[in-house]
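Trainee: Build me a model:
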Amino acid sequence: MPLPTPHSKEKYSEFMERCMIDLSEKKEFKDNKQRAAVCSSQFKKATSKASVVIENSGDEEDLFYYFFD
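Mentor: Modelled structure (predicted):
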């Protein structure tokens, strides 16, 4: 089953919430620590695919990725 990926203009905190819920509903990962690690990794992987990365105040939760076709 594919893992969630960030949407364009989605904040880190918004993605983490959506991803954690998605993984818990699918019961792919048994505990919150494992789900959080997978979701965080998915967000960080998106960096290489993003057209633009915007960071506000050095806080990872304020990161925005923009994807352009």
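
Trainee: Give me the residue at the spatial middle of the chain.
Mentor: Phe43 (3.4 Å; CA atoms, centre = their mean).

Trainee: got the residue ranges for the strands in this structure?
Mentor: 52-54, 64-66 (DSSP state E).

Trainee: averaging pLDDT over each of those, which comes out lowest?
Mentor: The minimum mean pLDDT among the strands of the chain belongs to strand 64-66 (a mean of 68).

Trainee: circling back: the residue nearest to the centre of the chain touches Pro6, doesn't it?
Mentor: Yes: using CB atoms under 8 Å, Phe43 is in contact with Pro6, at 5.6 Å. No exception for glycine: its C-beta is placed from N, CA and C like everyone else's.

Trainee: Give the buried residues for stretch 14-24.
Mentor: Counting neighbours by 16 or more other CB atoms under 10 Å, one finds that the buried residues in stretch 14-24 are 15-16, 19-20, 23.

Trainee: and it, average pLDDT?
Mentor: pLDDT averaged over stretch 14-24 gives 93.

Trainee: Run the chain-centre distance for it.
Mentor: Stretch 14-24 has its C-alpha centroid displaced from the chain centroid by 8 Å (CA atoms, centre = their mean, to the nearest Å).

Trainee: How about residues contacting that stretch?
Mentor: 3-4, 6-7, 10, 29, 32, 35-36, 38-40, 42-43 (CB atoms under 8 Å, 6 or more residues apart in numbering).

Trainee: so which of the residues you listed would you say is closest to Leu63?
Mentor: Phe43 (7.8 Å; CB to CB).

Trainee: returning to that earlier point: widest-spaced pair of the contacts of stretch 14-24?
Mentor: His7 and Asn32 (22.3 Å).

Trainee: picking that back up, what about the buried residues of stretch 14-24, which are in helices?
Mentor: 15-16, 19-20, 23 (DSSP state H).

Trainee: Name the nearest of the residues you listed relative to Ala50.
Mentor: Closest to Ala50, out of all of these and judged by CB to CB, is Phe15, at 12.3 Å.
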